[in-house]
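Visitor: next come a sequence and a model predicted from it.
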Amino acid sequence: MARFEFHAPRIQLTGRPALRGLAFFLNEKRWFFIAMLVGVIAFLAPTPEGLTREGQIVLTITIVAVMLFITEPVPLPSVALMIIVAQVALLGIDSSIVARSMMSDSVFFILGSLMLAVAIVKQRLDKRIAFLIIKMTGTKTANVSIGIIAVSGLMASVIGEHTVAAMMLPVALTLISLVSKDRKQVRGLAAVLLFSIAYGCSIASIATPSGGARNAIMIGYWREFFFDPFNSETSKFIVTYVKWAIYNYPLFLVQIPFVAFLLLKVFKPEQKNISRAVVRLREQVEEQGPMKARDWVAIFGFFMTLMGWIFFSEGWGLGTIALVGATFFLIVGLVQWSDVNSGVNWGVVLLYAAAISLGVQMKDSQAAEWVALSFLKLLGAVGIEEGVSLWGAVSLLTTLTTNAMSNGAAVAVLGPITLDIANMTGESPLRMGFITTVSSSFAYLTVVGTPAATIVYSSGYLKSSDFLKAGLWMVIISMIVLLLAAALYWPLIGL
């Protein structure tokens, strides 16, 4: 009888691959676990004197959120979800109340602006814009830099810096590549033109409410914390599109020549004139032919949205008008919903909504008041209690914060605190709010400081050290301009 032998396969149960995978996961997510540990410690710690238990919990949520914003061990939209859940689970707030605190006109404005941005980029007018700039400025590199700063700024002041940076990057790259294909021969020129885009967008993003999400966030805080519909005296806290622009647009215009001078001195472009590149650019524009009907319809649609912001924002709200503009682009077929769906970063909308909601809780729980009082005690110890020195301290705090995380998140976190500082020191909440928001645009020091900086860095022409080299001077220039405006210009127009 034949014997059948069955030999079982040898399986080596070494746990090394699993252990290596676990070690990699723990290392990759280490800041998440560190943030959670810090959160548990802060949650269980004795409540500091003068701070409510609810305020302690809100500050715990804020500390954890800020650590996750800075280190990004998990996707930022997941941090937004954690903020929402924490408000319900730890503070015991009804989920419907949390949901209502997230759905404000500021969030509608952010959503509508992102949708408009997708529609505008879809039209691909970059080469025409480049040629228009050259026609206005001439072919000298210094004049081209000023032109790019001005045009980038003018657009960024109304449609958001990330949109403008995405539109203007091909403009600069077109001019650079037409000068020379050898990157070493255009290193300085590339830095000047690319930073002209990034800094033009940054200095102009505070010029109007539509220049950035954090502007809408601050407007929402003013209305939430100070406006009383039954008290006509509080109507001054309704900041319209025009009112914001009157206060802040000059700050952008004043900085244009300073930015161009700084870039030319720091990076010293190899070519003082780019006339040969302009000849090639003219040929490419002529090949595109005249403006088409859809181009003019797009320009008309955006112009009407801008007019709506200027004349009807007080009654309709900035957010509703932004949504009307986005709807127009969809209805006339200038952009498809699939383009909007894939082009809008919905996680950003969720992130800002959750951050605004947390800011409301910081105010309601008196956590913002406690932090503001602690900050003032610290400043008082070094003799900083009012006036320009206080404004400078708030500006520096915001600048450091905005270079560590997004400018929108910085204003969402600091807004309630600096507004409480204004109340405690007798400062105008409008002035302190403007100082906070304007300072949030001083994210010049890192590649990830602003979307515009990240976009120009993606070109491959810049080094991360370039941002620090020019950024330190930009912080100084912008802060001086801001403090001079707060001390001299704003009082002249009633602030």
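Guide: Noted; the coordinates are in hand.

Visitor: which helix in the protein runs the most residues?
Guide: helix 241-267 (DSSP state H).

Visitor: pull the distance from it to the chain's centre.
Guide: Its chain's average C-alpha position is 17 Å from that of helix 241-267, according to Cα atoms, centre = their mean, to the nearest Å.

Visitor: which other helices and strands contact that helix?
Guide: Other helices and strands packing on helix 241-267, by 3 or more Cβ pairs under 8 Å, 6 or more residues apart in numbering; DSSP states H and E, are helix 141-159, helix 187-204, helix 293-316, helix 429-439, helix 464-484. All C-beta spots, glycine's among them, are computed from the backbone N, C-alpha and C.

Visitor: in CSV: those helices, plus mean neighbour count and mean pLDDT.
Guide: Converted to CSV, the helices and strands packed on helix 241-267 look like this (neighbours: other Cβ atoms under 10 Å; pLDDT from 0 to 100):
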stretch, mean neighbour count, mean pLDDT
helix 141-159, 24, 89
helix 187-204, 28, 92
helix 293-316, 16, 83
helix 429-439, 25, 95
helix 464-484, 17, 91
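
Visitor: make TSV out of those and add distance to residue 130.
Guide: As requested, these are exported to TSV (distance: least, Cβ to Cβ, whole Å):
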stretch	distance to residue 130
helix 141-159	9
helix 187-204	10
helix 293-316	15
helix 429-439	29
helix 464-484	22
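
Visitor: before we move on, back to that, the inter-axis angle of the longest helix of the chain versus helix 293-316?
Guide: Calculated by axes from the mean of the first three to the mean of the last three Cα atoms, to 10 degrees, helix 241-267 forms an angle of 120 degrees with helix 293-316.

Visitor: any idea of the mean pLDDT in helix 241-267?
Guide: Averaged across helix 241-267, the pLDDT comes to 94.

Visitor: try stretch 341-359
Guide: Mean predicted lDDT for stretch 341-359 stands at 81.

Visitor: and that stretch, C-alpha only, in PDB?
Guide: Only the C-alpha atoms of stretch 341-359 are listed here, as PDB (Å, rounded to 0.1, in the frame of the first residue of the first chain):
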ATOM      1  CA  ASN A 341     -16.200  69.600  -7.400                       C
ATOM      2  CA  SER A 342     -12.600  68.600  -8.200                       C
ATOM      3  CA  GLY A 343     -11.100  72.100  -7.900                       C
ATOM      4  CA  VAL A 344     -12.600  73.300  -4.600                       C
ATOM      5  CA  ASN A 345     -10.800  72.100  -1.500                       C
ATOM      6  CA  TRP A 346     -13.900  71.200   0.500                       C
ATOM      7  CA  GLY A 347     -11.700  70.300   3.500                       C
ATOM      8  CA  VAL A 348     -10.600  74.000   3.700                       C
ATOM      9  CA  VAL A 349     -14.200  75.000   4.000                       C
ATOM     10  CA  LEU A 350     -14.800  72.500   6.800                       C
ATOM     11  CA  LEU A 351     -11.600  73.600   8.500                       C
ATOM     12  CA  TYR A 352     -12.500  77.300   8.600                       C
ATOM     13  CA  ALA A 353     -16.100  76.500   9.700                       C
ATOM     14  CA  ALA A 354     -14.800  74.400  12.600                       C
ATOM     15  CA  ALA A 355     -12.200  77.000  13.500                       C
ATOM     16  CA  ILE A 356     -14.800  79.800  13.600                       C
ATOM     17  CA  SER A 357     -17.100  77.600  15.700                       C
ATOM     18  CA  LEU A 358     -14.200  77.100  18.200                       C
ATOM     19  CA  GLY A 359     -13.600  80.800  18.200                       C
END
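
Visitor: ok, the residue lying closest to residue 55 once chain neighbours are set aside - contacts?
Guide: Nearest residue to residue 55, sequence neighbours excluded (Cβ to Cβ, 6 or more residues apart in numbering): residue 367, at 3.6 Å. The contact partners of residue 367, taken as Cβ atoms under 8 Å, 6 or more residues apart in numbering, are 51-52, 54-56, 58-59, 62, 361.

Visitor: same thing but at 10 Å, please
Guide: Residue 367 sits next to 51-52, 54-62, 358, 361, 416-417, 420 when contact means Cβ atoms under 10 Å, 6 or more residues apart in numbering.

Visitor: what's the answer for residue 137, then?
Guide: 143-148, 150-151.

Visitor: any chance of those residues in CSV, with distance to residue 254 too?
Guide: Below are those laid out as CSV (distance: Cβ to Cβ, whole Å):
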residue, distance to residue 254
143, 18
144, 20
145, 17
146, 13
147, 17
148, 17
150, 12
151, 17
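
Visitor: from the residues you listed, which is closest to residue 435?
Guide: When these are compared for distance to residue 435 (Cβ to Cβ), residue 150 wins out at 24.7 Å.

Visitor: excluding sequence neighbours, find me the nearest residue to that closest one.
Guide: Nearest to residue 150 is residue 256, by Cβ to Cβ, 6+ apart, at 5.7 Å.

Visitor: is it true that the one you found touches residue 157?
Guide: No. Assessed by Cβ atoms under 10 Å, residue 256 is found out of contact with residue 157, at 11.9 Å.

Visitor: circling back: show me the one of the helices and strands packed on helix 241-267 that comes nearest residue 84.
Guide: helix 429-439 (24.3 Å).

Visitor: mind checking how far the closest one is from the chain centre?
Guide: Taking mean C-alpha positions (Cα atoms, centre = their mean), helix 429-439 and its chain are 15 Å apart.

Visitor: still on that earlier bit, of the helices and strands packed on helix 241-267, which is nearest residue 380?
Guide: helix 429-439 (16.8 Å).

Visitor: any idea which helix or strand comes after that closest one?
Guide: Going down the chain from helix 429-439, the next helix or strand is helix 451-457, by DSSP states H and E.
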